[in-house]
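*Asks:* here you go, sequence then predicted model.
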Amino acid sequence: MATSESGGTPEQHGDQYHTGRESWFTEGTERPDEPQDSGPQRTIHEPARETPVYEETDVLVVGGGPAGCAAAVAARRLGAKVTLVERYNHLGGLSTGGLVIWIDRMSDWEGRQIITGFASEILERLPADAVAGAPQEQWGSREPEPVAHWRERLSAFRDVVTWSPMIDPEWLKYESVELLEEVGARLLLHAWVVDAIVDGRELRGAIFESKEGRRAILAKVVVDTTGDLDVCAAAGAPYESDVEGQGANVQHCVNTAWTWAGIDFAKWVAWKRANPEEHRALFKRGHEELGYLETPHVGWRDDVGLFMGPRLTGYSGLKVADLTAVEIESRRRMTAHLEFFRRHAPGFQDAWLMLSAPQLGVRHTRRLIGTHKMAMEEWREAVRHDDEIGVSPSPSAKFANISVPYGCIVPAELDNVLVGGRHVATDPQTQAFMREIPQCWLTGQAAGVAAALSAGSATAPRALDVRELQHELRRQGVYLQTAGARAAA
Ligand SMILES: Cc1cc2nc3c(=O)[nH]c(=O)nc-3n(C[C@H](O)[C@H](O)[C@H](O)COP(=O)(O)OP(=O)(O)OC[C@H]3O[C@@H](n4cnc5c(N)ncnc54)[C@H](O)[C@@H]3O)c2cc1C
């Protein structure tokens, strides 16, 4: 049986087949048996060449997902010259291009918003009709009525209303670029970083390829927010990964998500509630006809449906043949689901394919070896780190809010580089929530502030005065709970 994000059962969400909330250990559909790619057997020799320097900057941010956007804005606000390089045509990463438009919890079990700073700022910029989430006065509520209402919209978890809205990805793309422009960060889209410029154990910049060819960017400090630790890995930094491991760990799951329009969500919910047996039968039939059935979620509007699966296991987010196979398989399942839902699901008769995600959904590939690894034992024991850079909600009310240490964004074996986002230094259990979008905003913002302080003072990131970092984070609106941080502010 699938388990919910923090170990609860899907039934706790009132739906036997509900696996929508990002799960820690959940069922995926395993890749069919086929010969595994054994890698290239031959090589060719490429002649050495001179690579033009495109520009020199203080802080180079690689990857414009949630972490990268937060990092670029935060660094620029400290006066650093900032360049953000993104391979696709938009900002937001998986939160926009991946159609992961459900921004998971920023509030704790009492309903206090504890992931703040960039998270608050960017969401406040979106127009009211581009954000669908519980009103603040309901956060933390355990009242049955709001819980029942928001559970259907993925904004109630373990019977507590949370601040975890659905957003319109186009507005998030738009506002992310506008914010970068406003603060004066330089943005390069359609530029794919392919290598790191390394001098001993120090990173000096990165090389990107685009329609213009191969170019170098030199930087005082680099922030790797690629999600896949591309820059650090290219520089030879060690990392952890369990994608090759066994079992149906969700971290192995990859998929292209999709949205449909033309849905009558109110009709679907009313039918589900009035006919629980028929609802179960529908999913059973889906399992029989399609092999499994993905749960639909309502998007930021009642006529938009979101499918964050199909979770496919056994594929690597780093292998191009696997990525291709996942794109093809996901879209096959999307059209099969459309036909099934149109035929059988009340409220879906007029559904149509709105979009399959431009960006393939990868939950995990590489994780940094940092100066501190966030681990389950620590947060189960409510450890508060002196070098706290933010606070994450805990997966269950059994645990206190979770202190996020600076060390999880500082590489152990590379200098002049910081990381933010889903590849920060964690164990697998901690990655399961530290990869969520608000937590990526949190670590991205901290990486940006640290990078600017480091570049401005010619101090290596690992040698930074953590009190100064915390002071600046609080000045930028980040919630911290450590005594040191309070004293510094
Ligand atoms: C299907 C799915 C469902 C999920 N569900 C939820 C959910 O419901 N709620 C939630 O909060 N989180 C969810 N997550 C997790 C969350 O979406 C991601 O972990 C989060 O977006 C990671 O942010 P990031 O900035 O670290 O990386 P990403 O969002 O992956 O952004 C990385 C950016 O870097 C760019 N990039 C990568 N490599 C390069 C390169 N070499 N050169 C230039 N640019 C590069 C990418 O194009 C991308 O824009 C889900 C993830 C998936 C895949």
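*Replies:* Sure, I can see it.
*Asks:* which residue does the stretch 301-450 of the chain have closest to the ligand?
*Replies:* Gly421 (2.3 Å; CB to the nearest ligand atom). For glycine as for every other residue, the C-beta is placed from the backbone atoms N, C-alpha and C.
*Asks:* so how many other residues sit close to the residue nearest to that residue when sequence neighbours are not counted?
*Replies:* Spatial nearest neighbour of Gly421, chain neighbours left out: Ala67 (3.2 Å); criterion: CB to CB, 6 or more residues apart in numbering. Using other CB atoms under 10 Å, Ala67 has 36 neighbouring residues.
*Asks:* check whether the helix or strand Ala67 falls within contacts the ligand.
*Replies:* Assigned by DSSP states H and E, Ala67 falls within helix 66-76. Yes: interface with the ligand: helix 66-76 contributes 66-68 (CB under 6 Å from any ligand atom).
*Asks:* stretch 384-402 now?
*Replies:* No: judged by CB under 6 Å from any ligand atom, stretch 384-402 stays clear of the ligand, getting no closer than 11.2 Å.
*Asks:* tell me the mean pLDDT over that stretch?
*Replies:* Stretch 384-402 shows a mean pLDDT of 97 in the predicted model.
*Asks:* show me what counts as buried in it.
*Replies:* For stretch 384-402, a neighbour-count test (16 or more other CB atoms under 10 Å) marks 384-385, 387-395, 399-402 as buried.
*Asks:* between the residues you listed, which sits nearest Thr335?
*Replies:* For the buried residues of stretch 384-402, the minimum distance to Thr335 (CB to CB) is 34.7 Å, reached by Pro395.
*Asks:* and that closest one, that one's in a helix?
*Replies:* No: looking at Pro395 with DSSP: H, G, I helix; E, B strand; the rest coil, it is coil, so not inside a helix.
*Asks:* domain-wise, how is this structure divided?
*Replies:* With domains defined by automatic domain parsing, the chain comprises 50-126+168-241+365-489, 244-362.
*Asks:* which ones are touching the residue of the stretch 1-150 of the chain found nearest the ligand?
*Replies:* Residue of the stretch 1-150 of the chain nearest the ligand, by CB to the nearest ligand atom: Gly65 (2.0 Å). By CB atoms under 8 Å, 6 or more residues apart in numbering, the residues touching Gly65 are 91-95, 225, 227, 421, 440.
*Asks:* looking at it now. What's its pLDDT?
*Replies:* With respect to pLDDT, Gly65 has a value of 98.
*Asks:* what's the local residue count around the residue lying closest to Leu78 once chain neighbours are set aside?
*Replies:* Nearest-residue entry for Leu78: Ala452, 3.7 Å, with adjacent residues in sequence omitted and distances by CB to CB, 6+ apart. Neighbourhood size, Ala452 [other CB under 10 Å]: 27.
*Asks:* now Lys173
*Replies:* Neighbour count of Lys173, defined by other CB under 10 Å: 18.
*Asks:* now do the one 3 residues further on
*Replies:* Taking other CB under 10 Å as the criterion, the count of residues near Ser176 is 28.
*Asks:* and the gap between Arg153 and Met308?
*Replies:* 14 Å (CB to CB, to the nearest Å).
*Asks:* and for the two, which residues touch both?
*Replies:* With CB under 8 Å, 6+ apart as the test, Arg153 and Met308 both reach His297.
*Asks:* and stretch 48-68, end to end?
*Replies:* One end of stretch 48-68 to the other measures 31 Å (CA to CA, to the nearest Å).
*Asks:* for it, buried residues please.
*Replies:* Result for stretch 48-68 [16+ other CB under 10 Å]: buried residues 54, 57-68.
*Asks:* kindly report the same for stretch 78-88.
*Replies:* Residues of stretch 78-88 classed as buried under the neighbour-count rule (16+ other CB under 10 Å) are 78, 80-88.
*Asks:* quick one on the thing from earlier: farthest-apart pair in the buried residues of stretch 48-68, please.
*Replies:* Put simply, by CB to CB the two of the buried residues of stretch 48-68 set farthest apart are Tyr54 and Pro66, 25.1 Å from each other.
*Asks:* show me where the stretch 151-300 of the chain has its strands.
*Replies:* For the stretch 151-300 of the chain, applying DSSP state E, counting those that start in this stretch gives strands covering 156-157, 160-161, 166-167, 186-188, 192-199, 202-210, 213-224, 239-240, 254-255, 258-261, 297-298.
*Asks:* the last one: what's the following helix or strand?
*Replies:* Once strand 297-298 ends, the next helix or strand along the chain (criterion: DSSP H and E) is strand 305-307.
*Asks:* quick one on the thing from earlier: with respect to Met354, which of the residues of helix 66-76 next to the ligand is nearest?
*Replies:* Using CB to CB, Pro66 is the member of the residues of helix 66-76 next to the ligand that lies nearest Met354, at 22.2 Å.
*Asks:* residues contacting that closest one?
*Replies:* Pro66 makes contact with 92-95, 421, 437, 440-441, 444, according to CB under 8 Å, 6+ apart.
*Asks:* how many residues are close by the closest residue to it other than its chain neighbours?
*Replies:* Distances taken as CB to CB, 6+ apart place Cys440 nearest to Pro66, at 4.1 Å, with adjacent residues excluded. Cys440 has 31 neighbours, counted by other CB under 10 Å.
*Asks:* again with Gly291
*Replies:* Gly291: 11 neighbours (other CB under 10 Å).
*Asks:* repeat for Ala281
*Replies:* As a burial measure, Ala281 scores 12 neighbours (other CB under 10 Å).
*Asks:* so is His149 in a helix, a strand, or just coil?
*Replies:* His149 is classified as helix under three-state DSSP.
*Asks:* doesn't Gly63 make contact with Glu86?
*Replies:* Yes: applying CB atoms under 8 Å as the test, Glu86 and Gly63 come out as touching, 6.5 Å apart.
*Asks:* how about the residues of the protein near the ligand?
*Replies:* So far as CB under 6 Å from any ligand atom goes, the chain lies against the ligand at 22, 62-68, 85-88, 93-95, 98, 100, 102-104, 192-193, 225-228, 230, 255, 257, 308, 361-363, 421-422, 435-437, 440.
*Asks:* just the ones in helices from those, please.
*Replies:* 66-68, 230, 437, 440 (DSSP state H).
*Asks:* thought Arg192 was touching Glu212?
*Replies:* Just so we're on the same page, residue 192 is Trp rather than Arg. No: Trp192 is beyond contact range of Glu212, at 11.7 Å (criterion: CB under 8 Å).
*Asks:* the helices in the protein, which residues?
*Replies:* 66-76, 118-125, 144-151, 169-183, 230-234, 265-274, 276-290, 320-344, 376-380, 428-434, 437-457, 466-475, 483-488.
*Asks:* coming back round to it: save the domains of the chain as a markdown table, and put in distance to Pro135 too.
*Replies:* Shown next, in a markdown table, are the domains of the chain (distance: least, CB to CB, whole Å):
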| stretch | distance to Pro135 |
| --- | --- |
| domain 50-126+168-241+365-489 | 11 |
| domain 244-362 | 15 |
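*Asks:* thinking again about what came up before, neighbour count: Trp192 and Glu212, which is higher?
*Replies:* Neighbours per residue, other CB under 10 Å: of Trp192 and Glu212, the larger number sits with Trp192, 14 against 11.
*Asks:* just give the closest residue to the more buried one, not the sequence neighbours.
*Replies:* Arg87 (4.2 Å).
*Asks:* just name the shakiest helix or strand of the protein by mean pLDDT.
*Replies:* helix 483-488 (a mean of 46; mean pLDDT, DSSP states H and E).
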